[in-house]
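In: Okay, here's the prediction I keep looking at, along with the sequence it came from:
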Amino acid sequence: MCGIIGYVGEKKNALKVLITGLKALEYRGYDSSGIAYFKNQKIEVAKEKGKIEKLEKILNLSTSSNIGIAHTRWATCGIPDKINAHPHSSGKITIVHNGIIENYEQLKKELEKEGYHFISQTDSETIAVLLDKYYKESQDILKSIIKTKKRLTGSYALAILCEDIPSKIFAIRKDNPLIIAKSNDASFIASDIPAILNYTNQYYILDENEIAILSKDKIDFKNDTLETINKKVLTFNGDKNSSTKGDFSHYMLKEIFEEKDVIKRIVKDYNDIDQLIQNLSFLKKYKKFDIVACGSAYHIGVIAKYLIEEHISIPVNVEVASEYRYKNNFLDNESLAIFISQSGETADTLACVRKVKEKNIDTLGIINVEESSIAREVDYAIYTKAGPEIAVATTKAFLAQLIIIVLITLYLGYEKKYFTKEFLNERLNELSNMDSDIDTILNSSYEKMAKIIAKHQNVFFLGRNIDYGIALEASLKLKEISYIHSEAYPAGELKHGTISLIEKNTPVISILTKNSTFDKTINNIKEVKTRGAYSIIISTKKIADTEEIILIPEKNELLLPILAIIPLQLLAYHVASIRGCDIDKPRNLAKSVTVE
Ligand code: G6P
C-alpha cells in the first residue's frame with residue numbers, strides 16, 4: 001500500500017538508487033510514482049501516472065544528486081493521476097506519504113482559511129502544508145515535525161525533505177511500516193527490506209513516536225522530546241536473490257516453483273515430536289480459538305477451522321479482520337486469538353491485534369515478515385519462512401501458512417491424544433517427502449483447461465468442508481489475476497440460488513480431497529453438469545463422466561490441501577497468462593494493505 005524509498009549517500013547516484021528501490025516496492029502499489037531530489041541545493045520533483053517505468057523514462061538517471069525520496073502509489077484519497085502522485089510540496093517542504101490522514105478535510109479547511117492553497121485531492125498534501133506552516137513559524141524542522149504529528153489523525157509513514165537542509169532526510173511513522181538502513185557510505189529509508197538489499201542487510205525499525213534523521217554518514221533517532229535514542233540494529237538473513245525473478249517469466253510462477261523449498265524450510269523446524277512440542281506447546285492450554293485475517297490469509301483460517309474442529313474438537317471462530325474489528329467477540333482467558341498475515345502489516349488485522357490485547361487476551365501471529373508490526377505486537381509468533389513474496393497474488397506464503405496450520409493440528413491432535421505417535425511421525429515423514437509429488441504437479445500441463453476457462457466470464461469453484469476452504473482460495477487466485485468473475489461455494493449451497501447462473505459450458509471446478517463428503521460433492525457436480533456446466537475436478541482418484549480431471553497424488557487427507565492448492569494456483573496463472581494480464585501486478589491491487 002504505497003512504497004517509500006529514501007537515499008542520502010556519498011555517491012551522487014540518488015536517482016538510480018531511488019528508481020531501483022521503487023521497482024522493488026512496486027508490489028505495494030503502482031497507480032503512479034514520483035521522486036524528489038536535491039540538485040544544486042534545490043528540490044526537483046518529477047511524477048508520472050502509471051507504472052514506475054514511465055517515471056524512469058522522463059528522468060535523466062545520471063543526474064548528479066546524492067539525496068532524494070521517492071514513492072509508488074496505491075491511490076486512496078484522490079484519483080490516480082499525475083497531480084495526486086507523490087511527492088507533495090509546500091514552501092520549502094517536500095514529502096512522500098504512505099497511509100491515510102483521517103482528519104485531512106478539517107485540516108485542509110483550516111489551512112485554506114489561513115491562505116494556503118492546495119493543488120491535489122490527496123490527504124497527503126495536507127501534511128506538506130502543515131509542515132510548511134510550522135516551519136515558517138519556527139524555522140526548526142524537528143519542532144515542526146513534532147507539531148505536525150500532534151495534528152494528524154490516521155496512519156502514516158513519511159519521508160520529508162526541507163530545502164534549507166540539503167543533506168538530510170527526516171522520517172516518522174504511525175501504523176505503517178518504515179525501515180531505516182545504513183550501508184558504509186549511505187543511509188536509506190524504505191517501506192520494506194527488498195528495497196535496500198542491494199546495499200546493506202543491516203536495518204532499524206522506526207518505532208512510533210520516533211523521528212529518524214538520516215545523513216550520508218549517520219542516522220540519529222530522537223523521541224518526541226528530542227532526546228537521542230539508541231536503537232538496536234537488525235540483520236536480514238534471508239536470500240537477497242529471492243527478490244529477483246531469475247529465469248521465470250513472472251514472480252508468481254517463480255514463487256509457485258519455490259513451494260517445495262518452503263515446505264523443507266518449515267519442516268526443518270518441526271522435524272519430530274520433540275520439535276513440535278518445543279515450538280508449539282504454548283498452544284495446549286487454550287480451549288477455543290478466534291482466527292482473524294484478510295484475503296488469502298482468511299482462507300487459511302477457514303481451512304484451520306475445518307481441520308481443528310474436526311480433528312481436535314476445539315471450537316474455532318474465523319472472521320475477516322475488517323469485520324472483527326467492529327464487532328463483539330467472546331474471548332476469555334482460555335481463548336487464543338490467532339492472527340494470520342503474510343506481511344504482518346495489514347491495517348485491519350493489526351487493529352484487531354490491538355483490540356484483543358486491550359482485553360488481555362493472549363495472541364498468536366502466524367506471520368511471514370519477521371519484525372513486522374503484528375509479529376512484534378503479538379504474545380507468540382510463528383514465522384512461515386516463505387521468504388520475500390513479490391507477486392501481489394500470494395502463493396508460497398499461503399502454502400507456508402497452510403503447513404503451519406497442518407502442523408498445529410498434528411501437534412494438538414497428538415497432545416490431546418487424538419493422534420498416536422506413529423500417526424504423527426508418518427505425517428511428518430510424508431510432509432518431508434513431498435518433492436516428487438510436487439514435481440509431478442508442477443510439470444503437468446494446465447494449458448488446455450486454462451484456454452477453455454480463459455474464454456469465460458464466470459467460473460465457479462465447489463467443495464465441501466476443507467475443500468470449500470481450498471475453493472475459496474482458488475477462486476480468489478483466479479479472479480485477482482485473470483479478472484474473470486469467479487465464486488467459491490460450499491458444494492451443497494449452490495442450488496440455493498446461484499445455480500441459476502450455470503449455463504452451457506460454464507466452468508465449474510470442484511475439489512474432492514475429503515473422503516467423508518466425496519459422494520455428496522459428486523452429487524452436486526451432477527447437478528451442475530445436468531445444467532450444462534463444463535466440469536473440472538481436482539481429486540486423488542479418477543472419476544467417470546467429467547470433462548477434465550486434475551489428479552493429485554494420494555496422501556493422508558490432512559496433507560491433501562497442500563497438494564490440491566498448487567495446481568489451482570498454476571491454473572489461475574495460466575488463465576491470466578492466456579488473457580495477457582499483468583500477472584504480478586494485477587489492476588487495483590496492492591500486496592500490503594496498510595489502510596483500513
Ligand atoms: C492483500 C493481498 C492478499 C492478502 C491480503 C492479506 O489483499 O493482495 O494477497 O492475502 O492482503 O495480507 P496479509 O499480508 O495480511 O496476509
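Out: Received, thanks. Residues are numbered from 1 along each chain as shown.
In: thinking K514 is in contact with R464, fair?
Out: Yes - counting by CB atoms under 8 Å, K514 touches R464, with 6.5 Å between them. Backbone N, C-alpha and C define where each C-beta goes, glycine included.
In: Please enumerate the shared neighbours of those two.
Out: Counting by CB atoms under 8 Å, 6 or more residues apart in numbering, the shared contacts of K514 and R464 are T521.
In: how about the nearest residue to the residue of the stretch 201-350 of the chain found nearest the ligand, chain neighbours excluded?
Out: Residue nearest to the ligand within the stretch 201-350 of the chain: G295 (2.7 Å; CB to the nearest ligand atom). Closest residue to G295 apart from its sequence neighbours, by CB to CB, 6 or more residues apart in numbering: L476 at 7.0 Å.
In: do the same with R587
Out: Y483 (7.3 Å).
In: can you give me the strands for the stretch 51-200 of the chain?
Out: Taking DSSP state E, counting those that start in this stretch, the strands of the stretch 51-200 of the chain run over residues 67-73, 88-90, 93-101, 154-162, 169-174, 179-182, 186-190.
In: Let me know which of the ones you listed is tucked in deepest.
Out: When you average the neighbours per residue for each of the strands of the stretch 51-200 of the chain (mean count of other CB atoms under 10 Å), strand 67-73 leads with a mean of 30.
In: what is the rounded mean pLDDT of that one?
Out: The average pLDDT within strand 67-73 is 97.
In: Just the terminal-to-terminal distance for stretch 537-550.
Out: Stretch 537-550 has an end-to-end distance of 6 Å (CA to CA, to the nearest Å).
In: Check the burial of V233 by counting its neighbours.
Out: By other CB atoms under 10 Å, the residues close to V233 number 11.
In: residues in the stretch 1-150 of the chain within reach of the ligand, list them.
Out: With CB under 6 Å from any ligand atom as the criterion, the stretch 1-150 of the chain does not meet the ligand at any residue.
In: cool, and the stretch 251-400 of the chain?
Out: 294-297, 341-343, 346, 349, 392-394.
In: Which one of those residues sits in the busiest neighbourhood?
Out: S341 (31 neighbours).
In: I'd assumed I367 was in contact with it.
Out: Yes - using CB under 8 Å, S341 makes contact with I367 at a distance of 5.7 Å.
In: which residues do those two both contact?
Out: Common neighbours of S341 and I367 (criterion: CB under 8 Å, 6+ apart): I374.
In: Contacts only, for the closest residue to the ligand within the stretch 51-200 of the chain.
Out: Closest residue of the stretch 51-200 of the chain to the ligand, CB to the nearest ligand atom: W74 (10.5 Å). Contact analysis of W74 by CB under 8 Å, 6+ apart lists 1-2, 28-31, 590.
In: Please apply the same query to E56.
Out: Per CB under 8 Å, 6+ apart, neighbours of E56: I19.
In: same question, the one 5 residues further on
Out: By CB under 8 Å, 6+ apart, the contact set of L61 is 15-16, 19.
In: Closest one of the residues you listed to the ligand?
Out: For the contacts of L61, the nearest to the ligand is I19 (24.0 Å; CB to the nearest ligand atom).
In: K54 is in contact with that closest one, correct?
Out: No - when contacts are counted by CB under 8 Å, I19 is not listed as touching K54 (11.3 Å).
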